[in-house]
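Engineer: kindly return the folded structure for what I paste below:
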Amino acid sequence: MASVDWESLSEATSGAVGALISTTILYPLDTCKTKYQAEVRSPGEQKYRNLSDVLWEAISTRRVLSLYQGLGTKNLQSFISQFVYFYSYSYFKRLYLKKSQVKSIGTKANLIVAAAAGACTVFVTQPLDTASSRMQTSEFGNSKSLWETLSGRSWSEAFDGLGISLLLTSNPSIQYTVFDQLKQRLLSEQSNITGSSTAGSSPALLSAFSAFLVGAISKSVATVLTYPAIRCKVMVQTSSEENNAQAKSKSPKTMMNALHTIWSKEGVPGFFKGLQAQILKTVLSSALLLMIKEKISSSSWILMRALQRYLLVSQKRLKIA
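Structural biologist: Now for the predicted structure:
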């Protein structure tokens, strides 16, 4: 069992659990945001003028619970996504430190490591990401199941937006690089007072408030810098029935086509339509995720250490037998 990277596994587990909880709490906001982003019409023809219009539609039609349509798929996607990301990120970072024989990772190296982890995540979870977006943007109360959503189109369409998703690996790269750097500075200040942790002890952790604040700052920076691509991805993935009926045979589902559509119908402001909602949702989600992750990391670490010892003892007993 020596080949198992237990620290990376602990990071992945705590990150995945944090994602599951934060996704569930903020899902209605995520549904409203996605439906608002997916609509592309001229100013006078818009169904949703702002985010609250989406919420009011659900309330007025007595389908508030439909704000949770696709929650199971989104939770599955979030859990797998964050598990793969945090495992890859922790593994690549530890591998870099081992190979380069340095004590800490620099900003440039951190960006590369985070991008590599993001790319691994995208290839694994893209079909679930596309399916959850389609389920969220379907008519309230008429969402299909995961299997119906994926089987209703060709397998290649399950990977709609893959190119943009790969481009958007820069988002978590920026986010976690900013988070990691700010975290290290805060922990460095704490270590001057409490002293460094001993080998084999649980990793140093931020307080809940510090983790929430640093997570909010890091995600805000990443979201503002990458938002036009974020909106294009939603448009490409959802391809609403209304837009499909008019343009499916004419327009390829690409980022360039999405940019052209936004420019021709909404102008420059369209590239940032829904930015406030995106920041609100992603900042709260990311901050909650990182706060929960920091608080349960110690428990995950203890659990993994206990599991490691149990497996080692079991392995020795098998050899003796």
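Engineer: quick one: neighbours of A158, just the number.
Structural biologist: Close neighbours of A158, defined as other CB atoms under 10 Å, add up to 19. For every residue, glycine as well, the C-beta is placed using N, CA and C.
Engineer: just the pLDDT at it, thanks.
Structural biologist: pLDDT recorded at A158 is 77.
Engineer: and it, how far from C120?
Structural biologist: Here the criterion is CB to CB, to the nearest Å. By it, A158 lies 18 Å from C120.
Engineer: what is the subsequent helix or strand relative to the helix or strand of the chain with the lowest mean pLDDT?
Structural biologist: When the helices and strands of the chain are scored by mean pLDDT, DSSP states H and E, helix 241-247 comes last with a mean of 44. As assigned by DSSP states H and E, the chain's next helix or strand after helix 241-247 is helix 255-266.
Engineer: in that following helix, what counts as buried?
Structural biologist: M255, N257, A258, L259, T261, I262, E266 (16 or more other CB atoms under 10 Å).
Engineer: for the closest residue to the third one other than its chain neighbours, which residues are in contact?
Structural biologist: Beyond its immediate neighbours in the sequence, the residue positioned closest to A258 (CB to CB, 6 or more residues apart in numbering) is C232, lying 3.9 Å away. The contact partners of C232, taken as CB atoms under 8 Å, 6 or more residues apart in numbering, are I164, M255, A258, L259, I262.
Engineer: got CSV for these, with distance to S191 and pLDDT too?
Structural biologist: Below are these laid out as CSV (distance: CB to CB, whole Å; pLDDT from 0 to 100):
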residue, distance to S191, pLDDT
I164, 40, 89
M255, 44, 85
A258, 47, 86
L259, 47, 88
I262, 48, 88
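Engineer: and the pLDDT at the residue nearest to A258?
Structural biologist: 90.
Engineer: which one of the buried residues of helix 255-266 is nearest S52?
Structural biologist: Distance to S52, by CB to CB, is smallest for E266 among these, at 19.0 Å.
Engineer: what helix or strand is the residue nearest to A258 on?
Structural biologist: Counting by DSSP H and E, C232 is part of helix 208-238.
Engineer: buried residues in that helix?
Structural biologist: So, applying 16+ other CB under 10 Å, buried residues of helix 208-238: 210-223, 226-238.
Engineer: for stretch 261-281, same thing?
Structural biologist: In stretch 261-281, counting by 16+ other CB under 10 Å, buried: 261-262, 266, 270-271, 273-275, 277-281.
Engineer: among those, which pair sits farthest apart?
Structural biologist: Applying CB to CB across the buried residues of stretch 261-281, the maximum distance is between T261 and L280, 24.7 Å.
Engineer: thinking again about what came up before, let's have the contacts of C232 in a markdown table, adding distance to T107.
Structural biologist: As requested, the contacts of C232 are exported to a markdown table (distance: CB to CB, whole Å):
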| residue | distance to T107 |
| --- | --- |
| I164 | 25 |
| M255 | 27 |
| A258 | 31 |
| L259 | 29 |
| I262 | 32 |
